[in-house]
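Student: coords below, sequence missing:
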């Protein structure tokens, strides 16, 4: 089953609102109404991204003010109970109903305040009911209980002929196909057999494509294969086939996996139903974009840790999971597995560790407490970690050759500039340079708080801008005005079909403009002029 943590969260909230309503002596008709509170969302969590399932629920549920559904008094009562009960199970929602109204929905006070008064919830200091909180804290929602709740809800909808904003037959079919064999047997034994037969009459095998970027690095490969393995292990292979579409490179050969990996040419003959993209947020870097475009818009998903300042894959706007605070996509995938109670096998743990090490320069940058937590969840012994990090430190002959060509531009500029200028198009040099030595060589440091690495491939130029965290210069604006974007302290720019001098002049113009606006800039200092007399080509 997918998104089980979200479903468990929803089921506990459902129990909270029902316990609270019973304790408050709410009318029986309202109790009957809220018995299945939010279960439509739980149902959709099994077959859709958490973001999409939540959005569709809020848009269609009458107890949400964000929906455009016509409301009755019972809807407002459910809404108020929803607000009041949220804090019992949701640490991110600590407010009671009265506080929620005042903070988020004050424009609706005229219609909702009378309901708060009627329920005696019209005060700011109403404490949680201890016995309800204690019961909820001790409730263990197992995967079997999740399935029982889902089945109970489906049977309720069928028996009472409840109209839904989704096609129930299609949803039941997709849910069934998302289950593993053991879960499917349980599902068959607890749902109306005639109805299930009807729902399964249109059953077809589901093909899910897993994609990443061109010239993939460890993070791209490992996160894609781990996600593919998770989906394969979590479902019945008779119903679902996972197609990892990854460019064949030397790095791919070093990854441990029994999964068959497809090139774009091999995958072209397979009609894909879903597409999941890992570790890339720019459509010009995606490997297999035409295949992704062949998939229905609502069935395309993206999982990435890169920021949103770059040119994004526009067709995935409603199905994106972009977490810039995560060190790598492998960290995101690891957390997904942990949250869903998956025991991560050694080979997969090995790959995920490689991916996290790759994107953190062997855990020397962008590491957070969550990164460390996810690394510890991989259960690798210290010797395995040591061997991986030692392997990461090795440079390929091609990398050694490229690094030997890096030069420091001889200037008087207040930004230290490194260059690697190749006379012809040389492939994705930025990926080939990916090594912990990159930061050791190009800074920044106390002596050179702002640095830029200009990579030239023929007439195309790529800028890697970095600064010390305490430096107040707005680096992101410089990068944005150089046709790029990025994080606050690490950004990128790009120029196509131009020459080196034009790129250099634009970079320096933007740098000194940003420096002049910096709150720590000495206004009396004169901008030093660039001298290129000793510049070496």
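Tutor: Cool, got the structure. This is a predicted model, so every value here is computed, not measured.

Student: how many other residues sit next to residue 304?
Tutor: Neighbour count for residue 304, taken as other C-beta atoms under 10 Å: 28. Yep, even glycine has a C-beta here, placed from its N, CA and C like the rest.

Student: isn't it right up against residue 279?
Tutor: Yes. Using C-beta atoms under 8 Å, residue 304 is in contact with residue 279, at 5.8 Å.

Student: Find residues that contact each of those two.
Tutor: Common neighbours of residue 304 and residue 279, using C-beta atoms under 8 Å, 6 or more residues apart in numbering, are residue 329.

Student: which residues sit in contact with the residue nearest to the spatial centre of the chain?
Tutor: Centroid check for the chain by C-alpha atoms, centre = their mean gives residue 321 as the closest residue, at 3.0 Å. Counting by C-beta under 8 Å, 6+ apart, residue 321 makes contact with 49, 50, 51, 301, 302, 303, 304, 332.

Student: and what of residue 354?
Tutor: Residue 354 sits next to 218, 222, 254, 255, 330, 388, 392 when contact means C-beta under 8 Å, 6+ apart.

Student: Against residue 75, how distant is it?
Tutor: Applying C-beta to C-beta, to the nearest Å, the value for residue 354 to residue 75 is 51 Å.

Student: again, but for residue 403
Tutor: Residue 403 sits 65 Å away from residue 75, going by C-beta to C-beta.

Student: Ok, residue 88 next?
Tutor: 21 Å.

Student: try residue 357
Tutor: Per C-beta to C-beta, residue 357 is found 51 Å from residue 75.

Student: Of these two, give the one with the bigger neighbour count.
Tutor: residue 357 (26 against 18).

Student: After the helix or strand containing that one, which helix or strand is next?
Tutor: If you go by DSSP states H and E, residue 357 is part of helix 346-359. The C-terminal neighbour of helix 346-359 among helices and strands, as given by DSSP H and E, is helix 369-377.

Student: quick one, helices of the stretch 251-400 of the chain?
Tutor: 264-267, 289-293, 329-339, 346-359, 369-377, 382-393, 397-404 (DSSP state H, counting those that start in this stretch).

Student: Throw those helices into JSON lines and include distance to residue 227, thanks.
Tutor: Shown next, in JSON lines, are the helices of the stretch 251-400 of the chain (distance: least, C-beta to C-beta, whole Å):
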{"stretch": "helix 264-267", "distance to residue 227": "16"}
{"stretch": "helix 289-293", "distance to residue 227": "15"}
{"stretch": "helix 329-339", "distance to residue 227": "6"}
{"stretch": "helix 346-359", "distance to residue 227": "10"}
{"stretch": "helix 369-377", "distance to residue 227": "15"}
{"stretch": "helix 382-393", "distance to residue 227": "20"}
{"stretch": "helix 397-404", "distance to residue 227": "28"}
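
Student: Can you lay out these as CSV showing mean pLDDT?
Tutor: Output for these, formatted as CSV (pLDDT from 0 to 100):
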stretch, mean pLDDT
helix 264-267, 93
helix 289-293, 91
helix 329-339, 93
helix 346-359, 93
helix 369-377, 94
helix 382-393, 89
helix 397-404, 82
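
Student: Between these, which one is closest to residue 12.
Tutor: Of all the helices of the stretch 251-400 of the chain, helix 329-339 sits nearest to residue 12, with 14.6 Å by C-beta to C-beta.

Student: how about that closest one: buried residues?
Tutor: The neighbour-count check on helix 329-339 (16 or more other C-beta atoms under 10 Å) flags 329, 330, 331, 332, 333, 334, 335, 336, 337, 338 as buried.

Student: and the angle for it with helix 346-359?
Tutor: Put simply, helix 329-339 runs at 140 degrees to helix 346-359, going by axes from the mean of the first three to the mean of the last three C-alpha atoms, to 10 degrees.

Student: Pull the most distant pair out of the contacts of residue 354.
Tutor: Farthest-apart pair in the contacts of residue 354 is 254 and 330; separation 14.6 Å (C-beta to C-beta).

Student: Quick check: the gap between residue 6 and residue 281.
Tutor: As judged by C-beta to C-beta, residue 6 and residue 281 stand 23 Å apart.

Student: Who has more neighbours out of those two?
Tutor: residue 281 (24 against 20).

Student: what about residue 359, how many neighbours?
Tutor: Around residue 359 there are 25 other residues, counting by other C-beta under 10 Å.

Student: hang on, I meant residue 102
Tutor: Counted with other C-beta under 10 Å, residues neighbouring residue 102 total 13.

Student: got the contact list for it?
Tutor: Taking C-beta under 8 Å, 6+ apart as the definition, contacts of residue 102 comprise residue 109.

Student: quick one: it is in a helix?
Tutor: Yes. Counting by DSSP: H, G, I helix; E, B strand; the rest coil, residue 102 is found in a helix.

Student: any idea how far it lies from residue 77?
Tutor: Residue 102 is 18 Å from residue 77, by C-beta to C-beta.

Student: Buried residues of the helix holding residue 357, list them for me.
Tutor: 348, 349, 350, 351, 352, 353, 354, 355, 356, 357, 358, 359.

Student: so can I have JSON lines of these showing distance to residue 485?
Tutor: Output for those, formatted as JSON lines (distance: C-beta to C-beta, whole Å):
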{"residue": "348", "distance to residue 485": "32"}
{"residue": "349", "distance to residue 485": "33"}
{"residue": "350", "distance to residue 485": "33"}
{"residue": "351", "distance to residue 485": "29"}
{"residue": "352", "distance to residue 485": "27"}
{"residue": "353", "distance to residue 485": "29"}
{"residue": "354", "distance to residue 485": "27"}
{"residue": "355", "distance to residue 485": "23"}
{"residue": "356", "distance to residue 485": "23"}
{"residue": "357", "distance to residue 485": "25"}
{"residue": "358", "distance to residue 485": "22"}
{"residue": "359", "distance to residue 485": "18"}
